[in-house]
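Undergrad: Dropping the sequence and predicted coords here.
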Amino acid sequence: MTDTSTTSAPRRRLPVPDGTVPVGIALLIAGIATYAFFRIGTLAVGGDDEFAPIVALWFATFALVPGFFLPLEQELGRALAHRRAVGHGTRPVISKVTRLGIGLVVVIVVVILIASVWITSGYFGGDWWMLLALIATFVAFAPAHLARGVCSGSGRFVDYAIILGSDGVIRIVLCIGLAVVGVTAAGAYGLAIAVSPLFAVAYVWRRGALAPIERSATPDAMAAAGGADASPHDDPHGPPASWSEVTPNLGWLLLGSVFAAGLLNAGPITMTLLAEDFEADLVTRFSYGVLLARVPLFLFQAVQAALLPGLSRLAARGELVEFRAGMSRLAVVVVGVGIAGTLGAFALGPFAIELVYDAELGGRTLAALALASGVYMMALALGQAVIALRGHALVAIGWGLGVVTFVLAVAFASDDLFRRIEIGLFLSSVVSMIAFGVALKLKLDAGEDRTEAESLMGAATPRKWA
């Protein structure tokens, strides 16, 4: 299969990367399905108290699973985008990262089994079905993230959107089916969370969307790949992929991703751990508020899916002026969305949460959560840019500083549980955002200085004329 995607000048001037629109539509569908899942699930199991273990599973899943597998998705997408830029086939990279993903799943499942007693009693309230569902999420979400990495790195964003959007739809279909037949056990709904992404992965695989891209035989691609290595007579699958190609900074990326995902879901998880037994409904209501306040951040995933491959291609080509301009336009969009989300949460949030979930939460709390999400969204965008410039260690450090800030704020900021978590979420995101902003400026300045020096050396080098 030959990659035929092109990037036109008008599309480059858009403030968001290519592929954002289909992924955004999919995320909107998935978001609606998520709210429906929480609402129908609460009614099906008998109320907020009974639904609390599912809430705990939900936020543990989306704190842990992306933390471990999003780096594989991102590195796969980055490596595939780089190979496309130089006309190399992508099969060796896909095979290499797939083997790495299988090994990671095995290690994680073993660790969960070793800590199973503590996890079940300390977090899931003794519900072993929730532990089984947690293991199943790792097994099922790993191929989903790998498939998304193949689609984003190959420029197949419609297929990426199918995986993302159908996950939520299938989950709500399973939830409705369980409710119709009268199932009230929380474990069944937990397993519905786990298996939902497998259906979409199977579908996009059947339609060929996960097939590798073969080497491009166009003169431009061969010239970009360089000399004999780009010969159309070579293996169309491309040169073998070394571990250094697919995992040059995976350790740092994995550490940063775990910190970032943990920070994103730290609010509900901390509420679950610190709330008393009689405050289960408080945990659920707070989780509703987090979901509602996170709508702009949820939709930003559409930008994130296309952001890293696009920035990686610009960085690979040394187009740092385009890189800087694109990030500036994106920053304006993120700031605008963050402000609108915060004001909307304050003014309309209490009405929306009562309408959707039949729950009460104040406008100040919702606005604080939305503001923290907006700052986190900016930190996420800046962090992706630093990763594209190979600043993986700086990103891990930045998210790590955010985690430390959150822990300190929760411990000392206030005696009120809601208030201390709100302050922790906001301050941690601010610290990470500042760290990434400084790192990005340093990386861009260093890259532009190096490009200018190389240009001067090239101009001073005598040319050999034929």
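TA: Now that the structure is in, tell me what you want to look at. Numbers count the residues shown, from 1 in each chain.
Undergrad: And this protein, what are its domain boundaries?
TA: 16-248, 249-449 (automatic domain parsing).
Undergrad: what is the mean pLDDT for the first one?
TA: Looking at domain 16-248 alone, the average pLDDT works out to 80.
Undergrad: now swap in stretch 291-303 and tell me
TA: 75.
Undergrad: what does stretch 419-427 give?
TA: Across stretch 419-427, pLDDT averages out at 92.
Undergrad: And the contacts of that stretch?
TA: 263, 266-267, 270-271, 286, 365, 368-369, 371-372, 375-376, 405-411, 413-414 (CB atoms under 8 Å, 6 or more residues apart in numbering). From N, CA and C alone the C-beta is placed, and that goes for glycine too.
Undergrad: rerun that using 6 Å as the cut-off
TA: Gly267, Thr270, Ala368, Ala372, Thr405, Phe406, Ala409, Val410, Ala413, Ser414 (CB atoms under 6 Å, 6 or more residues apart in numbering).
Undergrad: List only those of those residues flagged as buried.
TA: Buried members of the contacts of stretch 419-427, counted by 16 or more other CB atoms under 10 Å: Gly267, Thr270, Ala368, Ala372, Thr405, Phe406, Ala409, Val410, Ala413.
Undergrad: Which one of these is nearest to Asp358?
TA: Of all those, Gly267 has the smallest distance to Asp358: 21.0 Å, by CB to CB.
Undergrad: residues touching the closest one, list them.
TA: Residues in contact with Gly267 (CB under 6 Å, 6+ apart) are Val290, Ile421, Leu425.
Undergrad: What are the buried residues along stretch 24-37?
TA: So, applying 16+ other CB under 10 Å, buried residues of stretch 24-37: 24-31, 33-37.
Undergrad: Which of the residues you listed fall within helices?
TA: Among these, the ones falling in helices (DSSP state H) are 24-31, 33-37.
Undergrad: just to revisit the earlier point, reformat the buried ones among the contacts of stretch 419-427 as JSON lines; add secondary structure, pLDDT and distance to Ser121.
TA: Converted to JSON lines, the buried ones among the contacts of stretch 419-427 look like this (DSSP: H, G, I helix; E, B strand; the rest coil; pLDDT from 0 to 100; distance: CB to CB, whole Å):
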{"residue": "Gly267", "secondary structure": "helix", "pLDDT": "87", "distance to Ser121": "23"}
{"residue": "Thr270", "secondary structure": "helix", "pLDDT": "87", "distance to Ser121": "18"}
{"residue": "Ala368", "secondary structure": "helix", "pLDDT": "91", "distance to Ser121": "32"}
{"residue": "Ala372", "secondary structure": "helix", "pLDDT": "93", "distance to Ser121": "31"}
{"residue": "Thr405", "secondary structure": "helix", "pLDDT": "96", "distance to Ser121": "29"}
{"residue": "Phe406", "secondary structure": "helix", "pLDDT": "95", "distance to Ser121": "25"}
{"residue": "Ala409", "secondary structure": "helix", "pLDDT": "92", "distance to Ser121": "28"}
{"residue": "Val410", "secondary structure": "helix", "pLDDT": "92", "distance to Ser121": "22"}
{"residue": "Ala413", "secondary structure": "coil", "pLDDT": "82", "distance to Ser121": "29"}
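Undergrad: how about the residues you listed, which pair is most distant?
TA: Ala368 and Thr405 (15.7 Å).
Undergrad: How about Gly165, nearest residue that isn't a chain neighbour?
TA: Once flanking residues are discounted, Gly165 sits nearest to Ala26: 3.1 Å by CB to CB, 6 or more residues apart in numbering.
Undergrad: can I assume that neighbour is in contact with Ile163?
TA: No: using CB atoms under 6 Å, Ala26 is not in contact with Ile163; the gap is 8.0 Å.
Undergrad: any idea how far the residue nearest to Gly165 is from Ala161?
TA: Remark: distance between Ala26 and Ala161 (CB to CB, to the nearest Å) = 4 Å.
Undergrad: Ser373 now?
TA: 22 Å.
Undergrad: How about Arg84?
TA: 19 Å.
Undergrad: Would you mind listing the residues in contact with Val97?
TA: Val97 sits next to Leu72, Leu76, Val246 when contact means CB under 6 Å, 6+ apart.
Undergrad: Could I get the buried residue list for the helix or strand containing Phe351?
TA: Assigned by DSSP states H and E, Phe351 falls within helix 320-357. For helix 320-357, a neighbour-count test (16+ other CB under 10 Å) marks 320, 322-324, 326-327, 330-331, 334, 337-338, 341-342, 344-346, 349-350, 352-353, 357 as buried.
Undergrad: if we can go back for a sec, can I get the buried ones among the contacts of stretch 419-427 in TSV including distance to Val106?
TA: Formatted as TSV, the buried ones among the contacts of stretch 419-427 follow (distance: CB to CB, whole Å):
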residue	distance to Val106
Gly267	31
Thr270	30
Ala368	41
Ala372	35
Thr405	34
Phe406	31
Ala409	36
Val410	34
Ala413	40
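Undergrad: related to what we said a few turns ago, closest one of the contacts of Gly267 to Trp128?
TA: Nearest member of those to Trp128, counting by CB to CB, is Val290, at 26.3 Å.
Undergrad: Just read off the phi/psi values of Thr137.
TA: Main-chain torsions, Thr137, degrees, to the nearest 10: phi -60, psi -40.
Undergrad: Now do the contacts for it.
TA: For Thr137, the contacting residues are Thr61, Val65, Ala194, by CB under 6 Å, 6+ apart.
Undergrad: 8 Å - rerun?
TA: Counting by CB under 8 Å, 6+ apart, Thr137 has contacts Leu57, Thr61, Val65, Ile193, Ala194.
Undergrad: quick one: which of the buried residues of stretch 24-37 is nearest Gly251?
TA: The closest of the buried residues of stretch 24-37, once distances to Gly251 are taken by CB to CB, is Leu27, at 29.2 Å.
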